[in-house]
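Q: Here is a sequence together with a model predicted from it:
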Amino acid sequence: MIHTLNETYVLMCRELKRWYRSKVLLIATIIQPVLWLGLFGKAMNITGMFNIPEEILEELPPALTSKLSILFNSIIKEYFGVANIDYFSYMAMGMITVIILFTSMFSGMSIVWDRRFGFLNKLLVAPISRSSILLSRVFASVIRALVQAFLISLIALAFGLKLNICNNPVVIPLAILTLILLAVGLSSFFIAIAARIKSWEVHAGVMNLINMPLMFSSNVLYPKKLMPNWLKGIASVNPLSFTADILRQAFLYGSNANLSQILLDFEAILIFSLLLTSICILIANKALKEI
Amino acid sequence: MDNIIIARELTKVFNGLVAVDHISFEVEEGEIFGFLGPNGAGKTTTINMLTTLIKPSFGEAYVGGYHIIKESSKVRSIIGLVPQDITVDDDLTGWENLMLQAVLYHIPKNEAKKRIVEVAELVNLSKDLDRKVETYSGGMRKRLEIACGLIHRPKILFLDEPTLGLDVQTRAAIWRYIKMLNKEFGMTIFLTTHYMEEADSLCDRIAIIDYGKIKALDTPENLKNGLGGDIIEVELGEYINNSNISRLISSIEGITGYKLINNKLRIKALGGEHILPRILEKLIQNNIYVSSVMLRKPTLDEVFLELTGRRLREEYGSRIDARKFRIILKRARKL
């Protein structure tokens, strides 16, 4: 047991050293969400459509403008949860979720490369527990994901993210725990895929096949309410949706945060993560033994 | 001496392709044992089975007395593997690579530090340990790779093509390390190679392997002597009939056979360097003009030729079939 912990720890350190020493990898994983944030988030300003230009506002009778603002606020509240929200902040929370997805994907990539360069064989020849090979990668991936999520938050703040933090002290730790759980679940998932698929070309293809649909079939970019029913169904069970929702409740909704919804989201992520992790570690363990 | 590796009918089939075909052999404790054969002959597959990386399709093997499937973790704790590819981490320093390896073999930290200094000394990398591996040359990486394989002082060291792609000086240095490990630490060494010089100069015993089968297994000397000695070729200035030659040569001791092809006389003899002057003496005394002579010591390449009908070196003869086989095998392994 002590041995397994020790092995897991050193292998995790190796993963992390490889990550922070390779600047390209660090930038490559972060650049895509930043581009999404900067280009898509700023250009696709849906909530901005409801701003009435000053000159029109002056010509309207005050009674009508207050009616209009009630109407517009109710529309925004209907789709985005709260009235005083801008699209950029809304999608920034989505991007923090997406960065977890992207970094988790790299945990699988490292297995594929280690196999290609023979390092995996060296690990398999050593008298170490097979689980430590997998667990070390999951843990490293969680740390990577959290650091990158933090970096993305800083960048979003610089771009003009408006925080309105929930006053309940439990919610913020719960949101961070959700990020960790999502990272654990997704990393195990991608590691299991990488352990089964032995050629890196196929692996790259499969990654693309999973990533984009997973991102677009969730509420990270746009509210669920606007989706057609079939897509809404998928988005409602997509783990990214739960995570993005918790983040928005915790960081954007302020006093309007809905605690029962937060707990519901959290339970969903907890179940998703535990289930996926145990299944995937089993699959990956078996795959490593069959080499 | 005890047999430290025993393989019985070891077989591996990849998707219907027989990579290793019912091979049986024993390796004695303390010897350098080599698998010599062309690429794709099944050498790496055999190593992978013995080091518990893949399961044999048929047959069994014991390494250090442990069954390779039933007691795989015990096997892993007494062996070291230096794989064909360079697997040391580019992004880590030499020291970090060795430390990682030490922890994986459960060596306590203080002991590990001592051993790192020791193995680095052994492979002449002491000064370079604090540098990242990406600044190392190919030969240095290979030496670090060997150091990684030694850190836990394995009883048996598996070397898969230890000098593949290295220059002559580095190769010579690595041969020295291998010999030293064997002599000073009594380490049993199992290596594969497709360089006959390597097998010849390093190994106590060699198994010649081709298409997954062992064609011969003996000491390099015995394998070469099995060919019937050295080859002397004498080109004569004029045509001489067979019976005349026979009369001249048969009186010389040590000649095991001869053949006359046109005006070229091909003689097999034990200790060719002592026989050659006698032959020339005889020919010149009889006023036969000799235009050129050549003495060839038998090499393992010739042994391979004798056993398989093909040369080991790829530039000789047609190797297309073997190359195809190798490509198919690589693909099959991937699946």
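A: That came through fine. This is a predicted model, so every value here is computed, not measured.
Q: what residues does the stretch 101-250 of chain A put near chain B?
A: Counting by CB under 8 Å from any CB of the partner chain, the stretch 101-250 of chain A comes close to chain B at A:117-119, A:121-128, A:198-199. Quick note: C-beta positions are derived from backbone N, CA and C, even for glycine.
Q: Quick one: buried ones out of those?
A: A:Phe117, A:Gly118, A:Phe119, A:Asn121, A:Lys122, A:Leu123, A:Leu124, A:Val125, A:Ala126, A:Pro127, A:Ile128, A:Lys198 (16 or more other CB atoms under 10 Å in any protein chain shown).
Q: Next, give phi and psi for the closest residue to B:Leu164 other than its chain neighbours.
A: Nearest residue to B:Leu164, sequence neighbours excluded (CB to CB, 6 or more residues apart in numbering or on different chains): B:Gln84, at 6.1 Å. Main-chain dihedrals, B:Gln84, degrees, to the nearest 10: phi -60, psi -40.
Q: For B:Gln84, give me its contacts.
A: When contacts are counted by CB atoms under 8 Å, 6 or more residues apart in numbering or on different chains, B:Gln84 touches A:Gly118, B:Thr44, B:Asp160, B:Glu161, B:Leu164.
Q: Sort out for me which of those residues are in helices.
A: Mapping those onto helices (DSSP state H) picks out B:Thr44.
Q: Off-centre distance for stretch B:17-33?
A: In terms of CA atoms, centre = their mean, to the nearest Å, the centre of stretch B:17-33 is set 12 Å apart from its chain centre.
Q: Indicate whether that stretch makes contact with chain A.
A: No. Stretch B:17-33 is not in contact with chain A by CB under 8 Å from any CB; minimum separation 14.7 Å.
Q: which of the residues of the stretch 101-250 of chain A next to chain B sit farthest apart?
A: Largest separation among those by CB to CB: A:Pro127 and A:Ser199, giving 28.2 Å.
Q: Spell out which residues of the stretch 101-250 of chain B are next to chain A.
A: By CB under 8 Å from any CB, the residues of the stretch 101-250 of chain B that approach chain A are B:Gln101, B:Val103, B:Leu104, B:Tyr105, B:His106, B:Cys148.
Q: Flag the least confident of the residues of the stretch 101-250 of chain A next to chain B.
A: Here the lowest pLDDT out of those sits on A:Lys198, with 77.
Q: Now the terminal residues of stretch B:30-46, how far apart.
A: Using CA to CA, to the nearest Å, one end of stretch B:30-46 lies 20 Å from the other.
Q: That stretch: how far from the chain's middle?
A: Its chain's C-alpha centre and that of stretch B:30-46 lie 7 Å apart, by CA atoms, centre = their mean.
Q: got it, and stretch A:140-160?
A: Taking CA atoms, centre = their mean, the mean C-alpha location of stretch A:140-160 is offset from the chain mean by 10 Å.
Q: Could you list the buried residues of that stretch?
A: Buried residues in stretch A:140-160 (16+ other CB under 10 Å): A:140-149, A:151-153, A:155-156.
Q: Of these, which pair is most distant in space?
A: Spatially, the most separated pair among those is A:Ala140 and A:Ala156, at 24.4 Å (CB to CB).
Q: B:Pro38 against B:Thr193, yeah?
A: No. B:Pro38 is not in contact with B:Thr193 according to CB atoms under 8 Å; the separation is 10.6 Å.
Q: Determine which residue lies closest to the centroid of chain B.
A: Geometric centre of chain B, nearest residue: B:Ala199, 3.4 Å, by CA atoms, centre = their mean.
Q: Can you tell me the element that residue falls in?
A: Following DSSP states H and E, one finds B:Ala199 within helix B:196-202.
Q: Now that helix: buried residues?
A: For helix B:196-202, the neighbour count (16+ other CB under 10 Å) marks B:Met196, B:Glu198, B:Ala199, B:Asp200, B:Leu202 as buried.
Q: thinking again about what came up before, now tabulate the contacts of B:Gln84 in JSON lines and tack on distance to B:Leu227.
A: Shown next, in JSON lines, are the contacts of B:Gln84 (distance: CB to CB, whole Å):
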{"residue": "A:Gly118", "distance to B:Leu227": "37"}
{"residue": "B:Thr44", "distance to B:Leu227": "28"}
{"residue": "B:Asp160", "distance to B:Leu227": "28"}
{"residue": "B:Glu161", "distance to B:Leu227": "26"}
{"residue": "B:Leu164", "distance to B:Leu227": "27"}
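Q: can you pull out the strands in the stretch 151-291 of chain A?
A: Assigned by DSSP state E, counting those that start in this stretch, the stretch 151-291 of chain A shows no strands.
Q: ranges for the helices of it?
A: Along the stretch 151-291 of chain A, the segments classed as helices by DSSP state H, counting those that start in this stretch run A:171-196, A:200-216, A:229-237, A:239-251, A:259-289.
Q: if we compare those helices, which one ends up closest to B:Leu305?
A: B:Leu305 lies closest, by CB to CB, to one member of these: helix A:200-216, at 39.3 Å.
Q: what mean pLDDT does that closest one have?
A: The average pLDDT for helix A:200-216 rounds to 88.
Q: now what about it, what contacts it?
A: Contacts for helix A:200-216 (CB under 8 Å, 6+ apart): A:98, A:101-102, A:105, A:108-109, A:112-113, A:116, A:190, A:193-194, A:197, A:221, A:238, A:240.
Q: List buried residues within those.
A: Those of the contacts of helix A:200-216 that meet the buried threshold are A:98, A:101-102, A:105, A:108-109, A:112-113, A:190, A:193-194, A:197, A:221, A:238, A:240, by 16+ other CB under 10 Å.
Q: re earlier: farthest pair in the contacts of helix A:200-216?
A: Based on CB to CB, the longest span within the contacts of helix A:200-216 runs between A:Arg116 and A:Leu221 and measures 33.8 Å.
Q: Check which residues of stretch B:259-276 are buried.
A: Residues B:Leu260, B:Leu265, B:Ile267, B:Lys268, B:Ala269, B:Gly272, B:Ile275, B:Leu276 are the ones in stretch B:259-276 that count as buried (16+ other CB under 10 Å).
Q: Just say helix, strand or coil for the third one.
A: I take that to be B:Ile267. strand (DSSP: H, G, I helix; E, B strand; the rest coil).
Q: There's contact between it and B:Gly228 in this structure, I believe.
A: No. Judged on CB under 8 Å, B:Ile267 makes no contact with B:Gly228 at a distance of 10.5 Å.
Q: Common neighbours of those two, please.
A: When contacts are counted by CB under 8 Å, 6+ apart, B:Ile267 and B:Gly228 have B:Gly257 as shared neighbours.
Q: the helices in chain B, which residues?
A: Per DSSP H, chain B carries helices over the ranges B:43-50, B:72-78, B:94-104, B:109-122, B:138-150, B:168-185, B:196-202, B:220-225, B:242-249, B:272-285, B:300-308, B:320-334.
Q: what ranges of the stretch 151-291 of chain A fall below the confidence cut-off?
A: Along the stretch 151-291 of chain A, the model assigns pLDDT under 70 to residues A:290-291.
Q: again, only this time at 90
A: Residue ranges of the stretch 151-291 of chain A with pLDDT under 90: A:151, A:159-170, A:195-208, A:211-212, A:221-227, A:253-259, A:281-282, A:284-291.
Q: Enumerate every residue touching B:Gly229.
A: Contact partners of B:Gly229, counting by CB under 8 Å, 6+ apart, are B:Gly254, B:Thr256, B:Lys268, B:Ala269, B:Leu270, B:Gly271, B:Gly272, B:Pro298.
Q: before we move on, what about B:Lys12?
A: B:Val18, B:Ala19, B:Val20, B:Gly42, B:Thr45, B:Thr46, B:Met49, B:Ile54, B:Pro56, B:Ser57 are the contacts of B:Lys12 under CB under 8 Å, 6+ apart.
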